[in-house]
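Asks: Using only what follows, build the 3D model:
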Amino acid sequence: MRLKILTVILLALFAGYLYQNPLRLHLPDTSLAEGLIEDNAHVFKQDETDYILEYHAMLLDRFDLDYRIITVNGQDNINRYAAEVFNERKIGEKSRNKRGLLLVIDVKNNQVRLEVSASLESVYTDAFVAYLENRQMIQFFKVGRIADGIFATSEIIRIRAIDAQKGHEFDDSKFAGSIGGGATTGAQIGAGKDTSFQEDQPEVLAADTPEETLRRYLRALENRNGRDDLDAFTPDTRKFMATMLSTPAQMDNSYKRYKTCKAERVTYNEDKTRAVLFHPLERRDCDPFLFEKGEDGKWRLDLKALGLGTNHTFGNIWYVHFGRQEESGFWKYFFGFKHVWFNRPDGENGRFDHQGIPYYHRYGIFQNHVGEEIRITKVNKDGFIDKIGLRAGDRILEWEGIRFMHSAHFGWRLKEVRPGLDIYIKIQRDGKIIEKIAKAPPHPDEGELRFGFSYKGFSPRLNDQAVRLPVVHYVDAHGSGKDLGIMPGDLIRKWQDIELPNMMDIKKSIKKFKGDERLRVEVYRDEKLVVLESITKPPRKMSKVH
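Replies: Alright, predicted model coming up:
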């Protein structure tokens, strides 16, 4: 079901993402969900009901919206029925401010009605409700996807609540006069996909730069161009989008959101065939965009990799989905995320360990006290490592998107990763780089040799002696570390007044920086001692993760 809902919310973000598996720290109290759905017409499967309940519990917890759904099989007057139920069930009583919404779906008579409490009429006006029903919900009902339509509609309701909190009015100028007022609509269940938003729409051509291709695509969204065969899409994206449903409400919402996003950087891979456009984490709701260069030299959007390779929390914060790397192909774009690290939340029964929440490297540098690889020293026949084709002597450069992993952390991930998740692996063998995706195996039984191999992490060397000094692996061009003059490969001998610092010493020091502070660092570079001094910048801003 949850992968199915991806086709729903390939949606509010230019037709592409799944709002599933919210962060554990922000999971709503699902006890709030009691009584929010009455499925008398048996429309929903159990997993669909559970997920909608979880989402509506979040709406109640965060936005004080008591939003309930009732399905029925035949009512003579859906308007009268909705009004009676609204009063009898005291819709809004779960809300502190009596904010109630009731969606009634009459399957037999093919009608829907959204009833709105008096306290919400200024937010969810008749015009907005008609827009929501006709330009969002009904588009899903036509293809028989009732649960998907309800979930996608709930997302638009959430976004409207955020706009209202900011004092924004609902703009009905695009559809005034085209759909009429009122809050009761023919459901058109099973009527077939509405392709009117694809007909007579102009082509959108790929451009010479990723930025221009994106600009053209956003303009297409503004004009409600729902074509899934645009030249601005990669070939795989065109096939992918043909299976999706893009509604006018989704396109409106996507354009509204992305027109305010300003790119932080565009990063290219070594052969300039792929690119990542990254937005600053101050706007975590602005997702990155992925591009592939065609044989004609034009840049095209890879929405398949983005739509399947990322997800969102209930707070609309994007994260990398480490459970769908093979299916999505997102791993091909990891080069564009070197300036961030991905936090991997733990969760009960591994529920959340597929999530990678992006954070900037503090001070713009990434350092570790081991060298550039973990080396496999032994492989047992028929063990996990043997089965996925790794050999003794292979150097592991990247594992699950983590580069230069500490050997202790590597062992912990092997033990903790949920079986079945995709593991992206990058190794070096005989001077060649090999990339592959493997499925995480079942956890070994107690006392069993862990996954059938052994490994060792290596320290940097100085004057032919292994040292345990922190080694710099990456320096962000936008961070204070760049101003300091520190370089990848530097061994940090002294940090401020700390002689022979360890990793934690540096992290604690960086965490205290507020900007405009003098910093003095001594490093070994090419076995020579180099002294570096600078004034620190204020830390880059990041929005909170909801």
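Asks: contacts and neighbour counts: CA atoms only from here.
Replies: Fine.
Asks: Longest helix of the chain, counting residues only.
Replies: Longest helix in the chain by number of residues, with DSSP state H as the criterion: helix 146-165.
Asks: what's the residue nearest to residue 403 when sequence neighbours are not counted sitting at in phi/psi?
Replies: For residue 403, ignoring the flanking residues on the chain, the nearest one in space by C-alpha to C-alpha, 6 or more residues apart in numbering is residue 397 at 6.0 Å. For residue 397, the backbone dihedrals are phi -90, psi -30 (criterion: degrees, to the nearest 10).
Asks: picking up where we left off before, quick one: list the elements packing against the longest helix of the chain.
Replies: In terms of contacts (3 or more C-alpha pairs under 8 Å, 6 or more residues apart in numbering; DSSP states H and E), helix 146-165 is packed against helix 46-63, helix 138-141.
Asks: mean confidence for the shortest one?
Replies: For helix 138-141, the mean pLDDT works out to 67.
Asks: Ok, the longest one next?
Replies: The predicted model gives helix 46-63 an average pLDDT of 83.
Asks: Check stretch 269-279 too.
Replies: Per-residue pLDDT values across stretch 269-279 average out to 96.
Asks: before we move on, what about stretch 512-525?
Replies: For stretch 512-525, the mean per-residue pLDDT is 90.
Asks: That one: end-to-end distance?
Replies: Taking C-alpha to C-alpha, to the nearest Å, stretch 512-525 runs 26 Å from one end to the other.
Asks: circling back to that earlier point, the residue nearest to residue 403 contacts residue 376, doesn't it?
Replies: No. At 11.2 Å, residue 397 does not count as touching residue 376 under the criterion of C-alpha atoms under 8 Å.
Asks: and the residue of the chain most remote from its centre, what does it touch?
Replies: Here the centre of the chain is the reference, and by C-alpha atoms, centre = their mean the most remote residue is residue 463, at 45.0 Å. Contacts were defined as C-alpha atoms under 8 Å, 6 or more residues apart in numbering; by that measure residue 463 touches residue 527.
Asks: gap between it and residue 525?
Replies: The gap separating residue 463 from residue 525 is 12 Å, by C-alpha to C-alpha.
Asks: quick one on the thing from earlier: using TSV, please lay out the helices and strands packed on helix 146-165 together with distance to residue 236.
Replies: Shown next, in TSV, are the helices and strands packed on helix 146-165 (distance: least, C-alpha to C-alpha, whole Å):
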stretch	distance to residue 236
helix 46-63	28
helix 138-141	23
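Asks: shaky segments in the stretch 351-500 of the chain?
Replies: 445-450 (pLDDT under 70).
Asks: where exactly do the strands run in it?
Replies: 355-360, 365-368, 374-379, 395-399, 402-403, 422-429, 432-439, 453-457, 461-462, 465-466, 471-475, 491-495, 498-499 (DSSP state E, counting those that start in this stretch).
Asks: among those strands, which is nearest residue 282?
Replies: Ranking those by their distance to residue 282 (criterion: C-alpha to C-alpha) puts strand 355-360 first, at 10.3 Å.
Asks: Can you list the neighbours in contact with the closest one?
Replies: Residues lying outside strand 355-360 but in contact with it, judged by C-alpha under 8 Å, 6+ apart, are 281, 318-322, 339-345, 540, 542.
Asks: Name every strand pairing with that strand and say which way it goes.
Replies: Using DSSP bridges, the neighbouring strands of strand 355-360 in the sheet come out as strand 318-321 (antiparallel), strand 340-343 (antiparallel).
Asks: any idea how far residue 330 is from residue 310?
Replies: Computed with C-alpha to C-alpha, the distance linking residue 310 and residue 330 is 8 Å.
Asks: between these two, who's got more neighbours?
Replies: For the pair residue 310 and residue 330, the greater number of neighbours falls to residue 310 (26 against 23), based on other C-alpha atoms under 10 Å.
Asks: The more buried one reaches residue 317, doesn't it?
Replies: No. Using C-alpha under 8 Å, residue 310 is not in contact with residue 317, being 10.1 Å away.
Asks: give me phi/psi at the residue farthest from the centre of the chain?
Replies: Backbone dihedrals for residue 463, given as degrees, to the nearest 10, come out at phi 50, psi 50.
Asks: Please apply the same query to residue 502.
Replies: Here the main-chain torsion angles of residue 502 (degrees, to the nearest 10) amount to phi -100, psi -180.
Asks: Contacts only, for it.
Replies: Neighbour list for residue 502: 369, 469, 470 [criterion: C-alpha under 8 Å, 6+ apart].
Asks: Which one of the residues you listed is nearest to residue 241?
Replies: With C-alpha to C-alpha as the yardstick, the closest approach to residue 241 among these comes from residue 369, at 44.8 Å.
Asks: State the distance from that closest one to residue 459.
Replies: Using C-alpha to C-alpha, one gets 7 Å for the distance from residue 369 to residue 459.
Asks: Need the overlap of contacts for those two.
Replies: residue 468.
Asks: okay, those two: which has more neighbours?
Replies: It is residue 369, of residue 369 and residue 459, that has more neighbours when counted by other C-alpha under 10 Å, with 23 against 19.
Asks: I figured that one hits residue 461, correct?
Replies: No. If you go by C-alpha under 8 Å, residue 369 and residue 461 don't touch, sitting 11.3 Å apart.
Asks: State the pLDDT value of residue 537.
Replies: Model confidence at residue 537, given as pLDDT, is 86.
Asks: what sits against it?
Replies: With contacts defined as C-alpha under 8 Å, 6+ apart, residue 537 is in contact with 479, 480, 514, 515, 516, 517.
Asks: Could you export those as TSV, including neighbour count and distance to residue 58?
Replies: TSV is the format used below for the contacts of residue 537 (neighbours: other C-alpha atoms under 10 Å; distance: C-alpha to C-alpha, whole Å):
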residue	neighbour count	distance to residue 58
479	21	36
480	23	39
514	11	35
515	12	37
516	11	41
517	11	42
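Asks: and which of these is nearest residue 36?
Replies: The shortest gap between residue 36 and any of the contacts of residue 537 belongs to residue 514, at 46.6 Å (C-alpha to C-alpha).
Asks: Hmm, residue 540 and the closest one touching each other?
Replies: No. Counting by C-alpha under 8 Å, residue 514 sits too far from residue 540 to count as a contact (10.2 Å).
Asks: so how far is the first residue of stretch 342-362 from its last?
Replies: The separation between the terminal residues of stretch 342-362, taken as C-alpha to C-alpha, is 13 Å.
Asks: okay, and for the stretch 151-300 of the chain, where does confidence drop off?
Replies: In the predicted model, the stretch 151-300 of the chain carries pLDDT under 70 at residues 167-199, 245-247, 249.
Asks: ok, now with 90
Replies: For the stretch 151-300 of the chain, the stretches flagged by pLDDT under 90 are 151-202, 221-228, 240-259, 285.
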